[in-house]
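Novice: sharing a sequence plus its predicted fold:
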Amino acid sequence: MDQKDKFELNKRILDSVHRYKHKRRIQKYSVAASLTLLVAIGSSIWFFQNDTINSLPSIRQHATSAKLGTGAESEVKLVLGNDQEVQINSDSAEISYSNTGETVSINNERSLQQSSKKTVEPVYNSIVVPYGKRSKISLSDGSKVWLNSGTKLTYPIAFQNGRREVYLVGEAIFEVSHNEQSPFYVVTEDYHVKVLGTVFNVSSYPDDDYTNTALESGSVEIYFPSNPDLKNGAIRITPGTLATFDKKNNDIKTKEVDVATYMSWKEGVFIFQNDELSSILKKVARHYKVQISIENEHLAKQTFSGTLDISKSLDKIFKIIQETTDFEYNSTDNQIKIYQTD
């Protein structure tokens, strides 16, 4: 394929991206009582009350002290309040809690019982989604969470004292039930997101150099305890904004984006627009539970635009990317090496 053919092919791929996004807008569900967000950042600053910030570390302490395993595990794992571990053999597990949190339904096939006796501290559950798997949870307040590969979420089985808090490592899309009297907080290693009712995707993987949030509608507040310039303060983001927190430089940047690009994985599609190959293959590696290395730095920085249907085999994914990017690869067990063709 010569350069002219590749240019025409890339143009057709970009057109397909726009068509997908247009279809996504048409199919977008009603958000009368909810909004849509991905973890990012916005434009104006305001301040939380001190008791709001001071109460957040409890769930962080529980989540970081619990032995939840890593993305290297083979099955989705649900850890109950008594430390009982439940293995879920499913590529896309679905878990649902009753409004008391005492009954847990798994894939509509079996149910578990646990005590929600009110104590000073809530009863927490955690879910660990390994690489190569995804999951969906319906929390006791009716909020829904879609968890991407390599993600851990810790949450109370029933929210208490007018506070709703969860702790996230990895990436998730939240559809939060609206409740003005009980704000919902997503706590990550780098910042806390406060919402009243919204749908949002938070991306906060430990091996990434950044944490992202993207907002589709409504507004959210994000507090950055590690940034001295925002001490005791928060940032509010506006719809269509992607906020990126640079972990190395402790820097925050925002830009306008099409949020569908950051939400599409829930529907089994990755969308890329001029994304570097290294970034693309990191997401691919998480989904397919493999390790991918790129031998050439110039190749790693080449960009790709298009849509990837991640229900297809890994070989087909590589062939799609190869249509506009010159590289070859070899695979040994779960180790894949990418190298540039001569």
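Specialist: Looks like it arrived, so ask away. Residues are numbered from 1 along each chain as shown.

Novice: what about the helices in the stretch 51-200 of the chain?
Specialist: Taking DSSP state H, counting those that start in this stretch, the helices of the stretch 51-200 of the chain run over residues 57-65.

Novice: ok, which stretches of it are strands?
Specialist: 76-79, 85-88, 92-97, 103-106, 110-113, 124-129, 134-138, 144-147, 151-156, 164-175, 184-187, 192-195, 199-204 (DSSP state E, counting those that start in this stretch).

Novice: tell me which of these is the most buried.
Specialist: Most buried of those by mean neighbour count (mean count of other CB atoms under 10 Å) is strand 199-204; its value is a mean of 27. Just so you know, the C-beta spots here come from the backbone N, C-alpha and C atoms, and that holds for glycine as well.

Novice: how far off centre is that strand?
Specialist: Using CA atoms, centre = their mean, to the nearest Å, the mean C-alpha position of strand 199-204 is found 5 Å from that of the whole chain.

Novice: list the strands paired with it, with their directions.
Specialist: When pairing is defined by DSSP bridges, strand 199-204 lines up against strand 36-38 (parallel), strand 164-175 (antiparallel), strand 210-217 (antiparallel).

Novice: which residues touch Ser92?
Specialist: Contacts for Ser92 (CB atoms under 8 Å, 6 or more residues apart in numbering) come out as Lys133, Arg134, Ser135, Lys136.

Novice: run through the bridge partners of the third one.
Specialist: If I follow you right, that is Ser135. Beta-bridge partners of Ser135, as defined by DSSP bridges: Ala93, Leu147.

Novice: which pLDDT value goes with it?
Specialist: For Ser135, the pLDDT comes out at 95.

Novice: how much space between it and Ser143?
Specialist: From Ser135 across to Ser143, the span is 15 Å (CB to CB, to the nearest Å).

Novice: now stretch 154-167: average pLDDT?
Specialist: Stretch 154-167 comes out at a mean pLDDT of 90.

Novice: related to what we said a few turns ago, to Asn296, which of the strands of the stretch 51-200 of the chain lies closest?
Specialist: Asn296 lies closest to strand 199-204 among the strands of the stretch 51-200 of the chain, at 26.5 Å (CB to CB).

Novice: now the angle from the closest one to strand 151-156?
Specialist: Taking axes from the mean of the first three to the mean of the last three CA atoms, to 10 degrees, one finds strand 199-204 and strand 151-156 inclined to each other by 120 degrees.
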